[in-house]
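Q: Have a look; sequence and predicted model below, questions after that.
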Protein chains: 6
Amino acid sequence: MNRIAIFPGSFDPFTRGHEDIVNRTLNIVDIVIVAMGHNPEKNTRYFEADYMLERIRSVYTGNDRVEVIEYNELTASLAEKYKAQYLVRGLRNTTDFEYENSISQLNRYLNKDLETIFLITSPELAPISSSIIREVHKYGGEVMDFLPYEL
Amino acid sequence: MNRIAIFPGSFDPFTRGHEDIVNRTLNIVDIVIVAMGHNPEKNTRYFEADYMLERIRSVYTGNDRVEVIEYNELTASLAEKYKAQYLVRGLRNTTDFEYENSISQLNRYLNKDLETIFLITSPELAPISSSIIREVHKYGGEVMDFLPYEL
Amino acid sequence: MNRIAIFPGSFDPFTRGHEDIVNRTLNIVDIVIVAMGHNPEKNTRYFEADYMLERIRSVYTGNDRVEVIEYNELTASLAEKYKAQYLVRGLRNTTDFEYENSISQLNRYLNKDLETIFLITSPELAPISSSIIREVHKYGGEVMDFLPYEL
Amino acid sequence: MNRIAIFPGSFDPFTRGHEDIVNRTLNIVDIVIVAMGHNPEKNTRYFEADYMLERIRSVYTGNDRVEVIEYNELTASLAEKYKAQYLVRGLRNTTDFEYENSISQLNRYLNKDLETIFLITSPELAPISSSIIREVHKYGGEVMDFLPYEL
Amino acid sequence: MNRIAIFPGSFDPFTRGHEDIVNRTLNIVDIVIVAMGHNPEKNTRYFEADYMLERIRSVYTGNDRVEVIEYNELTASLAEKYKAQYLVRGLRNTTDFEYENSISQLNRYLNKDLETIFLITSPELAPISSSIIREVHKYGGEVMDFLPYEL
Amino acid sequence: MNRIAIFPGSFDPFTRGHEDIVNRTLNIVDIVIVAMGHNPEKNTRYFEADYMLERIRSVYTGNDRVEVIEYNELTASLAEKYKAQYLVRGLRNTTDFEYENSISQLNRYLNKDLETIFLITSPELAPISSSIIREVHKYGGEVMDFLPYEL
């Protein structure tokens, strides 16, 4: 039986910090599903969902251990559908920790066999959040160094 | 190839919180090595090392996926010796997070293939640290509910 | 003179964590006023104000030591109007702490006799925030276990 | 029945921050017992226990709502002996919060009717910890402004 | 060569806490540029930009070491334009710290000679954030004590 | 008048993280005094004081803007003696922040003209604390990469 981990996020955009988590998770499980949460009824994304999905897929072309999907449901339900035993999340700092703590307890409540694996983001990548990249990009700053693909 | 995780700690004493981490790690890897750090030259333990080692082993009698050892070296060297690919650590709160963050960066530096997997301690077990148990035990309070074995 | 505590919040929704705080506050003061903050000009609630007010009241039917009200003013002014000597707030984690710290200093500034009493949320209830419940409910997940009333 | 709160601490030394907590607690309960924890077998205090006890008592001379005692047992047992329904603790910052969180859960476990009331230390007094005062005093610095009595 | 520091913020409103940071920065550098970030396309301010700009300037009338400007670009670009070597930011608590940590790493990335100097907000001013002042003002509360100018 | 900053610490050992703070402070002030706190009556250092002092000096040989000294008094008094207007401290994480917050308030109390400048440690150096280096060195691990001098 394959060990499957879901890596959920809004990925607006997907960063080199996210890529780092995917690569390291591949050393723990067999399959990583990068699951971009997106509610098509809300139009709150900075980078369009379809475009970002395609950009993330370009990173993992030819790698059959990574699947990139879009979803719009509870993460715990998604895990059940994909028979994933694990969620994986990166922790950058203590603010992340407290948020993720709540979410992981909820997910175990909704699906008691679902374990959340946390990896601490590599320190040189920790400061680069998606929201900071959006801010820089909005003002025409250069963000290529923070992304594992071309925009 | 077996997936091996080392769960290092001073385990003074080993608690039901620690047991929870071991059980959940067994859903991620094949073998968990519970590694009790102990420097025989220092006499700073509350519960004697040999006694605690025997008590922890009693919890995993008959479970050939858990090994209980004592060690007195760098965790990264121990991992190399046991061909362990992972360390596992429980996170109870933000104070834990910042400490573990530093340690995990060091371990990756010393042994670049060594990944630290973090699990968040179940909330009902999170308040029960080893140091609180020592304090209660010192004053003759009852601690049985916090331990997965008899004292 | 009655000892009166106001428990202010948006209660969107009121959770078993909130109920825990009310019950424990009743061991400290004589009267607890559950005060649901609501600005009728803004329509940002997930659960409608009137509905939630009625749901909270159903929990305390027959208990003349708990009053449930709606308010739309400064908490410090509300306390003066109700001759409440105390505010009560639950603390779940360090993020809560820093927010509540600021608010409590402000309230003492606005009304120097108003003391804020903090209780730490019981650990098994701490992960269940109102925002997580809204998220689960939005996607059709089951939230009954987190609420002290039927929806 | 009197409402009795125990304010436990090592009080090495008792500071104006501690005095602030006592005064504010007197607005919540009838009696505050300032309980200085001291293990006579260990000699780790900077200010001698008997001396500090006498100094704290001098602050509350003539105030029959404050009692100052020394203790060497579990706080939960002390509370039972004094029929205290509450513990009270000051919170200065998030580090305090996480420590106090654990301790309060333990105390509720040991004595289920014992509630811990937290007050946030007034911001102008928050930076003045006992350990900082010891450090200043050790090097001959002036500490009078931080203490509610003469040394 | 003048040592120039930019103090960026939304200043909605500019508070006595901000004034404290400006005054203390004047003991470190020669010129402080108070730079109010404002995107004229978004209308999300509580206090109008032009009005606030004028109010801040009134505080520093006659002080040729403080300049007050409005900007709508990356802070790192603004610093280059003004030949500022430093940014200055106040830290009130750990939540501030984690946010500022990310931003300062980004700014050094965008402009490697740009150093961010952090000052810890004076504790008696720390609880008074702009968002709390907006909340009090909205409900007709008195906020004059928190501002270094008349509204 | 020279702008002088004192960089106090126990420096057991002085790390590349400390060197980073010194170098960046030289962009803010004229003179940096690296002040190694050491109480000769206590023997709690891992690296001997004289040896470490000499090692730190070797880093700044020929740089007349950096002075390396040993001290055993209050930092505020040391600053007065050296006519230093500033202290400088590195912040790595939120635990550092809360500790430094207290210390800086004390120093301003003891010497009201003494300002503490905080720099956030570069993220790639943040995980490398002196205590981690001592732990690695004790077990014979390689620590050269973390130090700006040979041992």
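A: Nice, I can see it.

Q: Could you use CA atoms for every contact and neighbour count after this?
A: Noted.

Q: Send me stretch A:68-76 as PDB with only the CA atoms.
A: C-alpha atoms of stretch A:68-76 as PDB (Å, rounded to 0.1, in the frame of the first residue of the first chain):
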ATOM      1  CA  VAL A  68      -0.900  18.500  -8.300                       C
ATOM      2  CA  ILE A  69      -4.700  19.100  -7.800                       C
ATOM      3  CA  GLU A  70      -7.200  21.800  -7.000                       C
ATOM      4  CA  TYR A  71      -9.800  21.200  -4.300                       C
ATOM      5  CA  ASN A  72     -12.700  22.900  -2.600                       C
ATOM      6  CA  GLU A  73     -13.800  20.800   0.400                       C
ATOM      7  CA  LEU A  74     -12.600  19.900   3.900                       C
ATOM      8  CA  THR A  75      -9.000  18.700   3.800                       C
ATOM      9  CA  ALA A  76     -10.000  15.700   5.900                       C
END
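
Q: Tell me which other helices or strands the helix or strand that contains residue A:17 touches.
A: In this structure, residue A:17 sits in helix A:16-25 according to DSSP states H and E. On a contact count with 3 or more C-alpha pairs under 8 Å, 6 or more residues apart in numbering or on different chains; DSSP states H and E, helix A:16-25 meets strand A:31-37, strand A:86-91.

Q: Out of these, which gets nearest to residue B:14?
A: strand A:86-91 (26.0 Å; C-alpha to C-alpha).

Q: What are the buried residues along that closest one?
A: A:86, A:87, A:88, A:89, A:90, A:91 (16 or more other C-alpha atoms under 10 Å in any protein chain shown).

Q: Name the nearest of those residues relative to chain C.
A: Of all the buried residues of strand A:86-91, chain C sits closest to residue A:91, with 15.7 Å by C-alpha to the nearest C-alpha.

Q: that older thread, looking at the helices and strands packed on helix A:16-25, which is nearest to chain D?
A: Here strand A:86-91 is closest among those (C-alpha to the nearest C-alpha), at 18.9 Å.

Q: So the closest one, near chain E or not?
A: No. On the criterion C-alpha under 8 Å from any C-alpha of the partner chain, strand A:86-91 is out of touch with chain E, staying 12.7 Å away.

Q: Now do that strand, average pLDDT.
A: Averaging pLDDT along strand A:86-91 yields 95.

Q: ok, now stretch A:97-104?
A: pLDDT averaged over stretch A:97-104 gives 84.

Q: ok, so of the buried residues of strand A:86-91, who is nearest chain F?
A: Using C-alpha to the nearest C-alpha, the buried residues of strand A:86-91 come closest to chain F at residue A:91, 13.8 Å.

Q: Return the residues in contact with the nearest residue to that closest one once chain neighbours are set aside.
A: Leaving aside its sequence neighbours, residue A:91 sits nearest to residue A:120 (C-alpha to C-alpha, 6 or more residues apart in numbering or on different chains; 4.7 Å). By C-alpha atoms under 8 Å, 6 or more residues apart in numbering or on different chains, the contact list for residue A:120 reads A:90, A:91, A:92, B:101.

Q: what separates the residue lying closest to residue A:115 once chain neighbours are set aside from residue B:119, distance-wise?
A: Counting by C-alpha to C-alpha, 6+ apart, residue A:115 lies nearest to residue A:86, which is 4.9 Å off, once chain neighbours are set aside. Distance of residue A:86 to residue B:119, given as C-alpha to C-alpha, to the nearest Å: 11 Å.

Q: Tell me the predicted confidence for the residue in chain A that chain F sits nearest to.
A: With C-alpha to the nearest C-alpha, the shortest gap between chain A and chain F falls at residue A:124, namely 5.1 Å. With respect to pLDDT, residue A:124 scores 80.

Q: what sits against it?
A: F:123, F:124.

Q: tell me which element it is part of?
A: Going by DSSP H and E, residue A:124 is not part of any helix or strand.

Q: got the phi/psi numbers for it?
A: phi -70, psi -20 (degrees, to the nearest 10).

Q: With residue A:80 instead?
A: Torsion angles, degrees, to the nearest 10, at residue A:80: phi -60, psi -50.

Q: Report the buried residues of the lowest-mean-pLDDT helix or strand in chain A.
A: Using mean pLDDT, DSSP states H and E, helix A:94-110 stands out as the lowest-scoring helix or strand of chain A, at a mean of 83. For helix A:94-110, a neighbour-count test (16+ other C-alpha under 10 Å) marks A:94-95, A:97-98, A:100-107, A:110 as buried.

Q: Distance to chain D added to those residues, as TSV?
A: Formatted as TSV, those follow (distance: C-alpha to the nearest C-alpha, whole Å):
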residue	distance to chain D
A:94	11
A:95	12
A:97	14
A:98	12
A:100	17
A:101	14
A:102	16
A:103	19
A:104	19
A:105	18
A:106	21
A:107	24
A:110	25
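
Q: mind checking which of the helices and strands packed on helix A:16-25 is nearest residue C:13?
A: Comparing the helices and strands packed on helix A:16-25 against residue C:13 with C-alpha to C-alpha, the closest turns out to be strand A:31-37 (23.9 Å).

Q: List every C-alpha atom in that closest one, with coordinates, as CSV.
A: Written as CSV, here are the backbone C-alpha positions of strand A:31-37 (Å, rounded to 0.1, in the frame of the first residue of the first chain):
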residue,chain,number,x,y,z
ILE,A,31,3.3,9.9,-3.1
VAL,A,32,2.8,13.7,-2.4
ILE,A,33,-0.4,15.3,-3.5
VAL,A,34,0.0,19.1,-3.8
ALA,A,35,-3.5,20.2,-3.2
MET,A,36,-4.3,23.8,-4.0
GLY,A,37,-7.4,25.0,-2.1
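
Q: And it, what does it pack against?
A: Using 3+ C-alpha pairs under 8 Å, 6+ apart: strand A:31-37 touches strand A:4-9, helix A:16-25, strand A:66-71.

Q: Of these, which stretch is the most buried?
A: strand A:4-9 (a mean of 24; mean count of other C-alpha atoms under 10 Å in any protein chain shown).

Q: So what touches that strand?
A: Strand A:4-9 is touched from outside by A:22, A:25, A:29-37, A:75, A:79, A:83-89, with contacts defined as C-alpha under 8 Å, 6+ apart.

Q: Now do the contacts for the residue nearest to residue A:93 when sequence neighbours are not counted.
A: Distances taken as C-alpha to C-alpha, 6+ apart place residue E:98 nearest to residue A:93, at 7.2 Å, with adjacent residues excluded. By C-alpha under 8 Å, 6+ apart, residue E:98 lies in contact with A:93, A:94, A:95, F:93, F:94.

Q: switch the cut-off to 10 Å
A: A:92, A:93, A:94, A:95, A:96, A:127, E:91, F:92, F:93, F:94, F:97 (C-alpha atoms under 10 Å, 6 or more residues apart in numbering or on different chains).

Q: ok, so of these, who is nearest chain B?
A: residue A:94 (5.5 Å).

Q: ok, and the closest non-adjacent residue to that closest one?
A: With C-alpha to C-alpha, 6+ apart, the residue lying closest to residue A:94 is residue B:94, at 5.5 Å.
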